[in-house]
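Chemist: Quick one: sequence and predicted model below, then my questions.
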Amino acid sequence: MMDVLMLSRLQFAAAAFYHFLFVPLTLGLSVMVALMETKYARTGDETYLRMTRFWGKVFLINFVMGIVTGITLEFQFGTNWSRYSEFMGDIFGSLLAIEALGFFFLESTMIGVWIFGWKKLSRKAHAFVMWLVAFASTGSAVWILTANSWMQHPVGYVIRNNRAELADFFAVASNPYAILMFFHVIAAAYLLSSFFVMGVSAYHLLRKKNLEFFTRSFRMALTFGLVVSVFLVIEGHYHAADLAHTQPAKLAAMESHWKTESNAPMYMLVWPDADNEGNSVEALPIPGFLSWMAFHDSKAEVKGLMDFPRDERPPVAPTFFSFKIMAFLGFYFVLLMVVGWLKRNRLTESPGYLKLMLYSMFLPYVAIELGWMVAEIGRQPWLVYGLMKTSDAVSHISVSQAAGTLIGFIVIYSLLACAAGYLLVRFIKAGPQPKTA
């Protein structure tokens, strides 16, 4: 039978999983719709106006679902994680307050102006409003990720009366871990949005519908996605390398690296065996490559999992496989973008590629959820790295309370996800409004 700790972890994980199905697309589409509307404002081309309206409605559906699924996360800090809230409320609360009162408020207000301002604002002013929406969406991501990054790598605090209190706001706001995480997550969100637009466009191009509309949509998303996919791989390397300094246990789990050694190799074939503190399969080594990846020095020493107490090691198998599959998908996405760039002027003559993009449309969702698992599972057993263990943060509630709310969350969120999916599929299949005469 599960205890309150495990039930509360599953509840937060379930809510975060559903929430993260909608947030990345909202982040990426806000920028892409702003680009489309800017082109319309500058050229007066009606196709760009139709693109703005069509993709803008997809953005709005996602935005609403993101709000609904995200609100409950903050309540859980009080219901299931009250001891955590008591420990670091001073720091976490200030960052979430900036996000909510500054950027979320701006985002919500500007979305209202954008929806109801079509006939009241000039083309350029209306496009500027969409850029404000994109700015506010990105700003919200900055502060939420800064709060999460503090849990990954605490800085700018003092421990007083058994609580973490804010001592240096600038240190918290400029946390290097937060900067790396922000660029990684925002690039992943942009890439996911690119794949979404290209997948939907491929669906219609394969059916020979609205060819000009969806060819332009596909090419715009392709250009956007090619840039961010390459950036994501490069930035991801530096983000992982930073873990060698900030969370060496997570890095060791990501590579299933057990023994501390210099000139550490990276194995191309590995199967973790945590029970026996090793790997049941370990083949095709590249000498010194893990040391080079972690420290940019092939002779550097990389700390292994056996140098950490057993009760301070993250779960190895889920961290390892989540990271490896995510990394593989990252390179797969770059390959698809490069192939797409070569075929960009003859998309309708490449049905095989269009089908591949349609089938690959949801893989970035898999990658981004796996990335979140690496970040959160790889940090265990710590909730605030090095300061507070997850087991010390859970509220004193009953098993029945935790189990009941977990079931409730899953049922309600599944219904919401189905409703959102139905709306999106119906709207996307119908396609854009026809051209005006």
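Modeler: On my side now, so go ahead. In this text the structure is predicted, and so the values were computed from the model without any measurement. Numbering: from 1, shown residues only.
Chemist: What average pLDDT does stretch 145-157 get?
Modeler: Per-residue pLDDT values over stretch 145-157 give a mean of 93.
Chemist: same deal with stretch 395-403?
Modeler: Per-region confidence: stretch 395-403 scores 89 on mean pLDDT.
Chemist: Please tell me how far N175 sits from A41.
Modeler: Here the distance between N175 and A41 works out to 37 Å (CB to CB, to the nearest Å). Just so you know, the C-beta spots here come from the backbone N, C-alpha and C atoms, and that holds for glycine as well.
Chemist: brain fart, H184
Modeler: Remark: distance between H184 and A41 (CB to CB) = 32 Å.
Chemist: do V197 as well
Modeler: Going from V197 to A41 by CB to CB gives 20 Å.
Chemist: Looking at the two, which is more packed in?
Modeler: V197 (27 against 20; other CB atoms under 10 Å).
Chemist: F54 is in contact with the more buried one, correct?
Modeler: No - with contact taken as CB atoms under 8 Å, V197 and F54 are classed as non-touching, separated by 10.2 Å.
Chemist: list the buried ones in the longest helix belonging to the chain?
Modeler: Ranked by residue count under DSSP state H, the longest helix found in the chain is helix 4-43. Neighbour counts using 16 or more other CB atoms under 10 Å place 4-5, 7-12, 14-41 of helix 4-43 among the buried residues.
Chemist: Specify the local secondary structure of A402.
Modeler: For A402, the assignment made with DSSP: H, G, I helix; E, B strand; the rest coil gives helix.
Chemist: quick one: contacts for it?
Modeler: With contacts defined as CB atoms under 8 Å, 6 or more residues apart in numbering, A402 is in contact with V4, L7, S8, Q11, N80.
Chemist: from those, which single one is nearest A430?
Modeler: The closest of the contacts of A402 to A430 turns out to be Q11 (CB to CB; 36.3 Å).
Chemist: correct me, but the closest one touches A403?
Modeler: No - in this structure, Q11 sits apart from A403 without contact. The criterion is CB under 8 Å, and the distance is 9.1 Å.
Chemist: about what we covered before: of all the contacts of A402, which two lie farthest apart?
Modeler: In the contacts of A402, two members sit farther apart than any others by CB to CB. They are V4 and Q11, at 10.1 Å.
Chemist: quick one: low-confidence ranges for this protein?
Modeler: Under the criterion pLDDT under 70, the flagged ranges of the chain are 436-437.
Chemist: tell me the strands in it, going along the chain?
Modeler: Counting by DSSP state E, the chain has strands at residues 157-160, 163-166, 261-262, 266-273, 278-286, 301-302, 382-384, 388-389.
Chemist: Note down every partner strand of the second one and its orientation.
Modeler: Applying DSSP bridges, strand 163-166 is found paired with strand 157-160 (antiparallel).
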